[in-house]
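K.L.:
The following comprises the amino acid sequence and a computationally predicted model.
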Amino acid sequence: MELIKRIIEAVKALFTPRRRAAALQPMPPQQRQAGGQQRARPVNPAMHAYQNIFAPRHADERQVAYRPVPPSGVVMQHTEEWFREGNSMRSRIQRTLVVTVSGAVVPADQVRLKCGICGGFDNIVQHCARCGRGLCKMCVRRFRPPDGPEIILCERDLRATIDELNVWQLRQRRNL
C-alpha cells in the first residue's frame, strides 16, 4: 500500500509544474531485507511512468486476403512486413486464403490440383477413369453404366463412353 501511495505522489509531482525538477531525481535506496539479501535499487516511479508513456511501441496488424489463384499457380501463403512509423515499429502479417474454381475458400497450402481441362485450381483431387487427367469439381462428370458402379470421367471421355455404350448388347446379356 505504501508503494502505491509513493507512485501516485511521484506521478502527481511529475505533472505539477513547480515540482517537476524534484520528481525526476532517483529515489533513495531501500533498506536491506532480513536474511542478508538486498533488493535491486528501485527505479523512480515517475520516471518509469514517463518512459512507459512515451516509449517506442510495436504494433501488429493481421490481415486475411481472399484471392483466386493466378494462372502462374504461385500463391503466397504468408507474408510479413515491418516498417517504422514515427518512433514505433509496425508489422503487417498477411495470410492468404484461396478461392478455388468450385468456389471453396481454403488456405493456400490446401490447394492440391491443377485441373487438366480448365486449368483452374482445387483442393479435392479427382481423376478421370479413362485418361487419368486431374479434374476440379466443376469439370467432373459422373456416369453410372447400367451394369456397374458410378465412374468419374472428363467431358470428352463421357461423350465417348456414351457413344460406345451398346444398349442392345447389354439388353441381350441381361435376357440370357
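P.N.:
Sure, I can see it.

K.L.:
Show me the shaky parts of this structure.
P.N.:
14-43, 51-57, 176 (pLDDT under 70).

K.L.:
What are the neighbouring residues in contact with the residue nearest in space to the middle of it?
P.N.:
Geometric centre of the chain, nearest residue: residue 95, 3.7 Å, by CA atoms, centre = their mean. Shown in contact with residue 95 (CB atoms under 8 Å, 6 or more residues apart in numbering): 62, 63, 64, 65, 77, 78, 107. Just so you know, the C-beta spots here come from the backbone N, C-alpha and C atoms, and that holds for glycine as well.

K.L.:
Same question for stretch 73-85: list its buried residues.
P.N.:
residue 75 (16 or more other CB atoms under 10 Å).

K.L.:
now do stretch 154-171
P.N.:
Result for stretch 154-171 [16+ other CB under 10 Å]: buried residues 154, 157, 158, 161.

K.L.:
go on, stretch 109-120?
P.N.:
Neighbour-count burial for stretch 109-120 [16+ other CB under 10 Å]: 111, 113, 115, 116, 117, 120.

K.L.:
Identify the farthest-apart pair in the residues you listed.
P.N.:
111 and 117 (16.7 Å; CB to CB).

K.L.:
any idea how the protein splits into domains?
P.N.:
2-54, 58-175 (automatic domain parsing).

K.L.:
what distance separates the start and the end of the longest one?
P.N.:
What it means is domain 58-175. One end of domain 58-175 to the other measures 81 Å (CA to CA, to the nearest Å).
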